[in-house]
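*Asks:* Turn this into a model:
(chains A and B)
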Amino acid sequence: ETGVTQSPTHLIKTRGQQVTLRCSSQSGHNTVSWYQQALGQGPQFIFQYYREEENGRGNFPPRFSGLQFPNYSSELNVNALELDDSALYLCASSFRAGGTDTQYFGPGTRLTVL
Amino acid sequence: SQELEQSPQSLIVQEGKNLTINCTSSKTLYGLYWYKQKYGEGLIFLMMLQKGGEEKSHEKITAKLDEKKQQSSLHITASQPSHAGIYLCGADPGNAGNMLTFGGGTRLMVKP
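*Replies:* Numbering: from 1, shown residues only, chains lettered A, B, ... in the order given. Reported below is the predicted structural model:
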């Protein structure tokens, strides 16, 4: 168990809809990162939040947005869903103390866009 | 941008056999992470390597980072069915705060 939880486990949406995925980090972790993992591929970095501010973003369009809250929870929002958004979405939390910090991943949310 | 290539892409071994998975980077590695993933589930942290020549072991799994810090290997000794899954290497490109780049993964199956 990593102490990182995600909800929901599975989700089915239709193209054009909006979705919110949730993550609860380990207590005390000030950094949360979100990744998208398409079937058969490695995870791709979406963005990272540090102390409730976006700290970095991968090659994803603005319709992917997020929030981080003081209670160690966070959200990933995706607007105008496209078929290619179907994937496993993973959040990972860590405590940034300088240098490389180990990220602990949640079990993921499987999103299917029809 | 940094790219990670894993080899082999998939592997089937008989229980009890040893195996090695490689991860090669297009740039110098500042932090190299190995994770294991059960199909469709989250990633489980195995080990992190930072220094050239560093080697770490956990139970029957050993990971090494070469001196030039552009390649890492993961070695499993006397494989067991519980070792089956997807092994992923991830790198922090330029010590940027753990916005990890991952390889495509190696799918391991262990036959009893």
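
*Asks:* show me the contacts for residue A:95.
*Replies:* A:26, A:28-31, A:101 (CB atoms under 8 Å, 6 or more residues apart in numbering or on different chains). C-betas here are computed from N, CA, C, even on glycine.

*Asks:* Please enumerate the strands of chain B.
*Replies:* B:4-7, B:10-14, B:19-25, B:32-37, B:43-49, B:55-58, B:61-65, B:71-76, B:85-91, B:101-102, B:106-111 (DSSP state E).

*Asks:* Generate TSV for these, with mean pLDDT and mean neighbour count as supplementary columns.
*Replies:* Below are the strands of chain B laid out as TSV (pLDDT from 0 to 100; neighbours: other CB atoms under 10 Å in any protein chain shown):
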stretch	mean pLDDT	mean neighbour count
strand B:4-7	96	18
strand B:10-14	97	13
strand B:19-25	96	19
strand B:32-37	95	23
strand B:43-49	93	20
strand B:55-58	93	12
strand B:61-65	96	20
strand B:71-76	96	20
strand B:85-91	96	25
strand B:101-102	94	22
strand B:106-111	97	18
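
*Asks:* now these as CSV including distance to chain A?
*Replies:* Output for the strands of chain B, formatted as CSV (distance: least, CB to the nearest CB, whole Å):
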stretch, distance to chain A
strand B:4-7, 8
strand B:10-14, 10
strand B:19-25, 11
strand B:32-37, 7
strand B:43-49, 4
strand B:55-58, 13
strand B:61-65, 12
strand B:71-76, 14
strand B:85-91, 6
strand B:101-102, 4
strand B:106-111, 9
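
*Asks:* Quick one, which of these gets closest to residue A:79.
*Replies:* Smallest distance to residue A:79 across the strands of chain B (CB to CB): 25.3 Å, for strand B:101-102.

*Asks:* So in that sheet, which strands flank the closest one, and in what orientation?
*Replies:* Paired neighbours of strand B:101-102 in the sheet (DSSP bridges): strand B:85-91 (antiparallel).

*Asks:* Residues contacting the partner strand, please?
*Replies:* With CB under 8 Å, 6+ apart, strand B:85-91 has contacts from A:42-43, B:2, B:4, B:6, B:21, B:23, B:25, B:29-39, B:43, B:46, B:72, B:74, B:100-103, B:105-108.

*Asks:* give me that answer again for 6 Å
*Replies:* A:42, B:4, B:21, B:23, B:25, B:29, B:32-38, B:100-103, B:105-107 (CB atoms under 6 Å, 6 or more residues apart in numbering or on different chains).

*Asks:* got it, and stretch B:25-45?
*Replies:* Contacts for stretch B:25-45 (CB under 6 Å, 6+ apart): A:100, A:102, A:105-108, B:2-4, B:46-50, B:63, B:65, B:69-70, B:72, B:74, B:85-92, B:95.

*Asks:* Any idea what the residue nearest the centre of chain A is bridged to?
*Replies:* Compute the mean C-alpha point of chain A, and by CA atoms, centre = their mean the closest residue is residue A:34, 3.0 Å away. On DSSP bridges, the residues paired with residue A:34 through beta bridges are residue A:47, residue A:91.

*Asks:* Distance check, it against residue A:46.
*Replies:* Distance, residue A:34 to residue A:46, by CB to CB, to the nearest Å: 4 Å.

*Asks:* re earlier: quickly name whichever of the contacts of residue A:95 is closest to chain B.
*Replies:* For these, the residue nearest chain B by CB to the nearest CB is residue A:101; the value is 5.6 Å.

*Asks:* List the residues that contact that closest one.
*Replies:* With CB under 6 Å, 6+ apart, residue A:101 has these contacts: A:94, B:98.
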